[in-house]
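Enquirer: need a 3D model of the sequence below.
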Amino acid sequence: GLCVSLIPSTTNVNPTIPPCKTKPQLVNLEHFLPVLSGPATVGLLCLAACPTPLAAHPGVCRTEPCIIVASAVIGALDRSVDPCHDFYSFACGGWVRNNPLPEGKSRWGPFSNLWERNMAIMKHLLENTTMKGLSKAEENAQMYYKACMNETKIEELGAQPLQELINQTGGWALTGSWDKNNFQEVLRTVSANYHCSPFFTVFVSTDSKCSNHNIIQVDQSGLGLPSRDYYLNKTANAKVLTDGYFLVELGVLLGGSQETSRSLMQEIVDFETTLANITVPQEERRDEELIYHKIQAKDLATLAPAVDWMPYLTDVFAPVLLNDSEPVVVYAKDYLQKVSDLIASTNKSVLNNYMIMKVVRKMVSILDKKFQDAEQRFFEVMYGTKKSCTPRWKLCVSDTDSALGFALGALFVKATFAEDSKAIAEDMVSEIKWAFEDSLKYVDWMDQGTKKAAREKAEAIYNMVGYPKFIMDPKELDKVFNDFEVVSDLYFQNVMQYYNFSARVTADQLRKTPNRDQWSMTPPTVNAYYNPTKNEMVLPAGILQAPFYSRSWPKALNFGGIGVVMGHELTHAFDDQGREYDKDGNLRSWWKNSSVEAFKKQTQCMVEQYSNYSINKEALNGKHTLGENIADNGGLKAAYKAYVNWIAKNGEEATLPALGMTNHQLFFVGFAQVWCSVRTPESSHEGIITDPHSPSRFRVIGTISNSHEFSKHFGCKADAPMNPKHKCKLW
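Expert: Numbering: from 1, shown residues only. Coordinates of the predicted model:
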């Protein structure tokens with residue numbers, strides 16, 4: 001689908017899971033409060049212990065939470081940096097100093113920190129919640145986790161479950177000669193049963209031009225490495241491509257000789273390089289109107305004749321009955337034609353080799369330790385992670401969240417989510433919405449009619465906060481997971497059951513109206529997203545906590561944290577992609593042409609601004625990151641305006657002790673500190689190539705350099721680096 005999230009939700013902040021099935025990552029909030037040293041500490045301890053002298057300053061917040069959060073803010077700052085010169089280093093320098101990259105991680109920041117904390121809570125719930133009073137789905141989540149934790153059984157089975165799977169699929173040239181003519185059958189099997197998408201991907205999602213219907217969609221699929229650039233820019237990525245990334249090692253583990261394995265894997269890398277050449281780069285796919293093509297299933301045969309489409313679709317969407325006039329939306333027309341030609345002209349054994357390898361890559365993380373180690377070595381090269389021993393439980397919690405995340409989410413919400421948090425978050429969303437709508441009055445490049453429609457769209461955005469309702473009703477929850485069979489102690493089998501279950505759920509969507517209660521993120525996730533076809537924003541329980549939000553903090557921090565997140569998701573409704581959808585979630589031209597032209601002109605400013613930033617001498621792609629940069633800029637502006645409006649209604653709030661900062665300054669510092677982060681050069685390189693979000697540093701610097709309010713409150717001189725004369729403004 002098209003959901004746009006706050007941080008990349010497909011690549012994990014630290015990849016411990018193979019690319020075919022992506023997931024999040026995970027620890028202790030204590031680490032978020034830096035160890036304090038020096039005069040600041042003394043001041044704070046005195047505040048805690050000797051409140052009397054403060055009586056003269058009634059404007060300081062002296063509660064324990066204020067003292068604790070003030071110490072965290074101070075610990076993350078680097079006061080030696082001029083905020084007008086480099087605001088990211090000013091706000092995050094201390095944090096970066098106090099947070100060396102944890103072992104085994106390729107990047108680290110408050111998001112990862114909070115996810116680790118949520119994981120520890122989930123571990124506790126999966127291991128210690130008694131079976132009494134749990135729904136069947138919640139019990140299944142515990143059983144699934146337990147089977148994943150049964151390493152003895154997993155080691156005992158070794159590669160056998162995967163080898164059996166390969167044999168059932170028709171074998172592989174790795175261990176014997178290959179001359180079978182079974183391309184169509186293998187393609188159907190790996191797509192329908194093993195959740196893999198060789199050559200192209202087929203799924204069910206909302207029809208962008210008819211948002212109350214689901215429809216089959218076909219698109220180009222991913223490659224073995226995170227982006228086409230890895231294959232096309234061979235010199236820069238030689239280290240990753242050597243030895244057919246880690247495929248040769250996998251071949252040997254599955255019984256192939258070093259020699260056979262090497263030649264087969266080289267074949268795969270060469271084939272993937274050809275695929276990379278015909279894959280359309282993401283930044284050229286941002287205009288939905290241009291790439292949306294609705295046809296009938298039977299037309300696929302003309303478009304891409306190398307695939308027997310009707311038997312293929314029938315298998316993938318079984319047990320739903322399809323006929324050849326079934327509507328299908330194709331998002332990669334030229335690519336499909338080219339891939340069909342490629343299939344037709346490629347040796348059958350190479351095609352088979354490639355499809356089986358897709359399955360192998362996907363299954364690596366659910367096999368024994370030898371396979372995990374091979375993958376870990378690959379990640380060391382790919383993301384620059386230092387070798388680590390990630391405890392098994394983290395992988396298992398993360399995987400249980402992927403497979404049974406709503407059942408696990410029910411346990412998580414009951415244990416951690418205060419019911420009134422929902423109401424508080426919803427009130428905040430309304431305040432941010434008001435601010436965004438009010439700002440529309442001052443948008444001078446847009447005609448009145450389009451402006452009115454834009455206000456209506458903002459008004460119509462639906463907020464989903466915390467968790468979908470059904471998870472709190474055991475009957476409803478069990479109904480959703482009703483035909484997901486979990487067996488005790490057979491982890492591989494459970495994952496296969498999950499693939500079959502999720503394929504049936506997908507097929508079942510085809511004949512149903514899109515459902516608001518169906519979320520793309522599970523409740524414990526530390527992230528948020530906007531979905532244009534439903535015109536809704538979703539804020540899972542996982543992110544509605546410190547460091548994004550706490551009821552006992554000054555509002556300045558809450559608006560700078562979760563407030564900006566809310567503003568970010570709301571602005572996605574009006575970024576270069578979201579703006580093409582109307583208030584009912586339909587892709588159609590609802591803007592006057594003159595306003596579309598003006599929008600493109602205004603956004604060109606941001607494309608150029610962000611393309612001028614670089615990391616390790618590698619320039620950012622301002623075109624690819626445009627949507628997220630628009631959301632970051634609009635989010636900061638709406639949240640700040642909402643905060644100012646809150647003060648107008650409620651009066652100025654007390655300041656934090658020992659900081660020597662106004663609350664307006666604290667708003668911007670709070671915003672920046674959510675994005676403090678460290679990552680390896682390899683991971684930064686991967687981010688620049690694949691991530692539609694700008695790197696953290698520029699999410700901070702890019703937005704505040706466009707903010708007049710920032711420069712006003714920090715007293716930045718004209719033309720200071722953070723106060724350029726020429727500012728990009730959109731919303």
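Enquirer: the stretch 201-350 of the chain: strands as residue ranges?
Expert: Per DSSP state E, counting those that start in this stretch, the stretch 201-350 of the chain carries strands over the ranges 210-220, 293-296, 327-330.
Enquirer: please apply the same query to the chain.
Expert: 4-5, 107-108, 200-207, 210-220, 293-296, 327-330, 462-466, 529-531, 536-540, 614-615, 618-619, 678-679 (DSSP state E).
Enquirer: tabulate these (JSON lines), appending mean neighbour count.
Expert: In this view, the C-beta of every residue, glycine as well, is placed from N, C-alpha and C. Formatted as JSON lines, those follow (neighbours: other CB atoms under 10 Å):
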{"stretch": "strand 4-5", "mean neighbour count": "24"}
{"stretch": "strand 107-108", "mean neighbour count": "26"}
{"stretch": "strand 200-207", "mean neighbour count": "20"}
{"stretch": "strand 210-220", "mean neighbour count": "19"}
{"stretch": "strand 293-296", "mean neighbour count": "14"}
{"stretch": "strand 327-330", "mean neighbour count": "18"}
{"stretch": "strand 462-466", "mean neighbour count": "19"}
{"stretch": "strand 529-531", "mean neighbour count": "25"}
{"stretch": "strand 536-540", "mean neighbour count": "25"}
{"stretch": "strand 614-615", "mean neighbour count": "14"}
{"stretch": "strand 618-619", "mean neighbour count": "13"}
{"stretch": "strand 678-679", "mean neighbour count": "21"}
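Enquirer: closest to Trp519 out of those?
Expert: For the strands of the chain, the distance to Trp519 is smallest for strand 536-540, at 5.9 Å, taking CB to CB.
Enquirer: and the helices in the stretch 151-300 of the chain?
Expert: Secondary structure of the stretch 151-300 of the chain, counting by DSSP state H, counting those that start in this stretch: helices at 151-157, 160-168, 183-193, 229-232, 238-241, 247-253, 258-278, 288-291, 300-303.
Enquirer: nearest to Gly585, of the strands of the chain?
Expert: Closest among the strands of the chain, using CB to CB: strand 210-220, at 3.6 Å.
Enquirer: for the record, mean pLDDT for the closest one?
Expert: The pLDDT scores in strand 210-220 average 96.
Enquirer: same check, this time on stretch 582-601
Expert: If you average the pLDDT values across stretch 582-601, you get 96.
Enquirer: would you mind writing the CA trace of that stretch as PDB?
Expert: The C-alpha coordinates for stretch 582-601 follow below in PDB (Å, rounded to 0.1, in the frame of the first residue of the first chain):
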ATOM      1  CA  ASP A 582      -9.300  13.900  -2.200                       C
ATOM      2  CA  LYS A 583     -11.000  13.900   1.200                       C
ATOM      3  CA  ASP A 584     -12.600  10.500   0.500                       C
ATOM      4  CA  GLY A 585      -9.300   8.900  -0.400                       C
ATOM      5  CA  ASN A 586      -9.800   8.900  -4.200                       C
ATOM      6  CA  LEU A 587      -7.000   9.600  -6.600                       C
ATOM      7  CA  ARG A 588      -8.300  12.400  -8.800                       C
ATOM      8  CA  SER A 589      -7.500  15.900 -10.000                       C
ATOM      9  CA  TRP A 590      -9.300  18.100  -7.400                       C
ATOM     10  CA  TRP A 591      -6.800  21.000  -7.600                       C
ATOM     11  CA  LYS A 592      -7.100  23.900 -10.100                       C
ATOM     12  CA  ASN A 593      -4.200  23.700 -12.600                       C
ATOM     13  CA  SER A 594      -2.800  27.000 -11.600                       C
ATOM     14  CA  SER A 595      -2.400  25.800  -8.000                       C
ATOM     15  CA  VAL A 596      -0.800  22.500  -9.100                       C
ATOM     16  CA  GLU A 597       1.800  24.500 -11.000                       C
ATOM     17  CA  ALA A 598       2.300  26.800  -8.000                       C
ATOM     18  CA  PHE A 599       2.700  23.800  -5.700                       C
ATOM     19  CA  LYS A 600       5.400  22.300  -8.000                       C
ATOM     20  CA  LYS A 601       7.200  25.600  -8.100                       C
END
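Enquirer: so what touches that stretch?
Expert: Residues from elsewhere that reach stretch 582-601 (CB atoms under 8 Å, 6 or more residues apart in numbering): 206, 208-211, 288-289, 292, 445-447, 449-450, 453, 456-457, 459-460, 531-535, 576, 579-581, 730.
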